[in-house]
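*Asks:* What follows is a protein structure lacking sequence information:
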């Protein structure tokens, strides 16, 4: 947490850096890494940042003064970056688009996303019970207990005890590990072996449920604070310009439901049967009085192609208000 002296010093340094860099004095200039990323997406922003400023300088100051001294070096770096962005006509993109996104992302990180913690806890209980049922079936099938999450123990049971690799007659060679050349227990290998014995199919099911629980339920719960999930929105991580999130990554939450059958109805006391449908996105809820809105560009790549090529056929396709399927309409029009 920054104290008052830190905030004042940081503000002064930022203003000093900006006034020396650009005539407009816009505060957007404080995000130097974004400028490096805009200038050279395919190269390391950090490397460029270091090359533009003396970050190897060893300060004799301590505490907040050390940080302020380092920040004062941004002036030289920003002057160089300003010149480079201007030279390749990227300054307007940087200042009017990229930098204006920074405060929005800051607010998104600060506000977080509201989470139905009770729903996540319920999902955790269901999945834990399901994993226990799967482990019990696996032990009965193998004839003795073993740790399903242990690759070494799984390899021992599948290949040394059941010898499924010797029974396999498929044309595709079973994969081996890159390290030590062990027999692999990967998903593709288990899929090849699942018709030879019930155990590979059980292990696949266990891994699916385990991933759902550890990544999309427990993994989300560990980042929830006061009923809200706080993630880090990364502006410069993707070369395509897309936003990414980390700690946790909430952009890959599966849309498809996962149906599990549990034997203990106590876990699903609100259900009349033992079938429980888990929607990984269901715990994400809006604030009271607000709603989630999903919006996306339709066929953005084709729209860019039509704009840049000025192809009359493509332009005509997008100008039709009743066109719901751009690909079908474009193919039909070109066929004509």
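*Replies:* Received, thanks. The structure presented is a predicted model; accordingly, all values stated were derived computationally and were not measured.
*Asks:* going forward, measure contacts between C-alpha atoms and count neighbours the same way
*Replies:* Will do.
*Asks:* So for stretch 127-134, mean pLDDT?
*Replies:* Summarised as a single mean, pLDDT over stretch 127-134 is 93.
*Asks:* Offset the numbering so it begins at 45, please.
*Replies:* All set: I'll call the first residue 45, so the last point we hit is now stretch 171-178.
*Asks:* Now do the contacts for residue 203.
*Replies:* 209-210 (Cα atoms under 8 Å, 6 or more residues apart in numbering).
*Asks:* Can you tell me how far it is from residue 216?
*Replies:* Distance from residue 203 to residue 216, counting by Cα to Cα, to the nearest Å: 17 Å.
*Asks:* can I see the domain layout of the protein?
*Replies:* Following automatic domain parsing, the chain resolves into domains at 48-148, 156-339, 344-379.
*Asks:* and the ones you listed, which one's lowest on average pLDDT?
*Replies:* Among the domains of the chain, domain 48-148 carries the lowest mean pLDDT (a mean of 60).
*Asks:* what about residue 169, neighbour count?
*Replies:* For residue 169, the neighbour count with other Cα atoms under 10 Å is 14.
*Asks:* same question, residue 338
*Replies:* Quick note: residue 338 (other Cα under 10 Å) scores 5 neighbours.
*Asks:* looking at this, it is in a helix?
*Replies:* No - going by DSSP: H, G, I helix; E, B strand; the rest coil, the assignment for residue 338 is coil, not a helix.
*Asks:* Angles on the backbone of it, please.
*Replies:* Backbone geometry at residue 338, expressed as degrees, to the nearest 10, gives phi -100, psi 130.
*Asks:* all strands of the stretch 95-244 of the chain, in order?
*Replies:* 157-158 (DSSP state E, counting those that start in this stretch).
*Asks:* which residues in it form helices?
*Replies:* 108-116, 118-131, 135-137, 143-155, 161-186, 195-199, 208-211, 231-237, 242-260 (DSSP state H, counting those that start in this stretch).
*Asks:* So the residue nearest to residue 156 when sequence neighbours are not counted versus residue 192, what's the distance?
*Replies:* Leaving aside its sequence neighbours, residue 156 sits nearest to residue 274 (Cα to Cα, 6 or more residues apart in numbering; 4.6 Å). Residue 274 sits at a distance of 32 Å from residue 192 (criterion: Cα to Cα).
*Asks:* One more: residue 303?
*Replies:* Applying Cα to Cα to residue 303 and residue 192 gives a distance of 21 Å.
*Asks:* between the two, which one's more packed in?
*Replies:* Set residue 303 next to residue 192 and count neighbours by other Cα under 10 Å: residue 192 wins out with 19 against 11.
*Asks:* got the phi/psi numbers for that one?
*Replies:* phi -70, psi -30.
*Asks:* Residue 296: neighbour count?
*Replies:* So residue 296, with other Cα under 10 Å, has 10 neighbours.
*Asks:* what does the one 10 residues further on give?
*Replies:* Taking other Cα under 10 Å as the criterion, the count of residues near residue 306 is 22.
*Asks:* quick one: residue 323 and residue 299 touch, right?
*Replies:* Yes - counting by Cα atoms under 8 Å, residue 323 does reach residue 299; the two are 7.2 Å apart.
*Asks:* how close does residue 324 sit to residue 256?
*Replies:* For residue 324, the distance to residue 256 - Cα to Cα - is 8 Å.
*Asks:* okay, residue 323 and residue 299: which has more neighbours?
*Replies:* residue 323 (16 against 10).
*Asks:* Need the nearest residue in space to the more buried one, chain neighbours excluded.
*Replies:* residue 301 (4.8 Å).
*Asks:* ok, now which ones touch that neighbour?
*Replies:* Residue 301 touches 321-324, counting by Cα under 8 Å, 6+ apart.
*Asks:* Pick out the one among these with the largest number of neighbours.
*Replies:* For the contacts of residue 301, the largest neighbour count, defined by other Cα under 10 Å, is 22 neighbours, found at residue 324.
*Asks:* Please point out which parts of the strand or helix carrying residue 348 sit buried.
*Replies:* Assigned by DSSP states H and E, residue 348 falls within helix 344-353. Within helix 344-353, the residues that count as buried by 16 or more other Cα atoms under 10 Å are 346-347, 350.
*Asks:* Ok, stretch 288-300 next?
*Replies:* 288-289, 292-294.
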